[in-house]
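Q: Okay, here's the prediction I keep looking at, along with the sequence it came from:
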Number of protein chains: 2
Amino acid sequence: MTERDVAGPAGDGTDPAWVRAAAEATAREVFAVIGTKWALDAVNALAPGTLRFAELRRELPGISHKVLTQTLRALERDGIVARTVHPTVPPRVDYRLTAAGRGLRDVVNGMCDWSRRHLAEILAARTRSGPTG
Amino acid sequence: MTERDVAGPAGDGTDPAWVRAAAEATAREVFAVIGTKWALDAVNALAPGTLRFAELRRELPGISHKVLTQTLRALERDGIVARTVHPTVPPRVDYRLTAAGRGLRDVVNGMCDWSRRHLAEILAARTRSGPTG
DNA sequence: CTGTATCCTATGTGATACTG
DNA sequence: CAGTATCACATAGGATACAG
């Protein structure tokens, strides 16, 4: 894997096979990460700008200390949020969206649009699958 | 909730608040569903057309009988796939994408594009989070 | 052929207490 | 303030057997 193997803009048709495969696998994993209970809320909370751990926690009423840490670690692992530790006392840790994280919001908006367009079908399907079977 | 409350095309700015809230909640849930291990593969397998249970299973090497059932039930619950039971013996059950399911592929493609665009950043973040910490 | 029930392991989510 | 450890519980994923 060299630098020039990472082809130009997405969808230009020149991506090597391994890039397509990695992109599809990554897409699935990112769906899983932002499908966890609080990840989407955390990304939305960070959209306006940088927040400290405790600030972020206040933006997410009901989240536990541990779960916020886990959620942020998962988002950090996939390059969606960046974490900056200031070696002060008491410690200060800032979280912000990366370029990738900001781009991810377009995908999320696409999913919200899809939900709006198909909300009636979805609710109908859930009614069928719920009470009656 | 009446029919006319379901506003026109997404993003036209006329959606009532409850539609936006429902869409965001639904988006999160759909991220979770298609983030499960096999859901995306199942949707891709059904993209060309209708498949029976056993055909679908052959398209997804390694999936277990039970997990395929669970995956399909989850997709059916959110109106992404439709299930048709033919009352024959032996039984025959067909699965196909709904209109919503076909529309979902655009969102998935958006996520794949995002992955391709940011693959280098993602892999770098994972390298940092993985071995070294 | 399709689907459910059972048993198992791994992980997500959360409450609480402890550490630097 | 931020993070980790521990305990508890629910659910995802899977192997296998049984049922319609």
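A: Here it is on my side, so go on.

Q: Going by C-alpha atoms from here, please, whenever you check contacts or count neighbours.
A: Will do.

Q: list the contacts for the most centrally placed residue in chain A?
A: By Cα atoms, centre = their mean, chain A has its centre lying nearest to A:I34, at 4.4 Å. Taking Cα atoms under 8 Å, 6 or more residues apart in numbering or on different chains, we find A:I34 in contact with A:40, B:28, B:31-32.

Q: Which one (most neighbours) among the residues you listed?
A: Neighbour counts for these (other Cα atoms under 10 Å in any protein chain shown) peak at B:R28, which has 24 neighbours.

Q: what's the helix or strand for that one?
A: Assigned by DSSP states H and E, B:R28 belongs to helix B:17-34.

Q: and that helix, anywhere near DNA strand C?
A: No: judged by Cα under 7 Å from any atom of the strand, helix B:17-34 stays clear of DNA strand C, getting no closer than 8.4 Å.

Q: Report the angle between that helix and helix A:17-34.
A: 120 degrees (axes from the mean of the first three to the mean of the last three Cα atoms, to 10 degrees).

Q: Run the chain-centre distance for helix B:17-34.
A: 13 Å (Cα atoms, centre = their mean, to the nearest Å).

Q: for stretch A:72-87, same thing?
A: 12 Å.

Q: now swap in stretch A:38-54 and tell me
A: Per Cα atoms, centre = their mean, the centroid offset for stretch A:38-54 relative to its chain is 10 Å.

Q: okay, how far is it across that stretch, tip to tip?
A: Stretch A:38-54 has its terminal residues 15 Å apart, counting by Cα to Cα, to the nearest Å.

Q: Give the buried residues for it.
A: Neighbour counts over stretch A:38-54 (16 or more other Cα atoms under 10 Å in any protein chain shown) mark A:38-43, A:45-46, A:50-53 as buried.

Q: In TSV, list those along with pLDDT, secondary structure and distance to DNA strand D.
A: Shown next, in TSV, are the buried residues of stretch A:38-54 (pLDDT from 0 to 100; DSSP: H, G, I helix; E, B strand; the rest coil; distance: Cα to the nearest atom of the strand, whole Å):
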residue	pLDDT	secondary structure	distance to DNA strand D
A:W38	96	coil	15
A:A39	97	helix	15
A:L40	96	helix	18
A:D41	95	helix	16
A:A42	97	helix	13
A:V43	97	helix	15
A:A45	96	helix	15
A:L46	97	helix	14
A:T50	96	coil	11
A:L51	96	strand	8
A:R52	95	strand	4
A:F53	95	helix	4
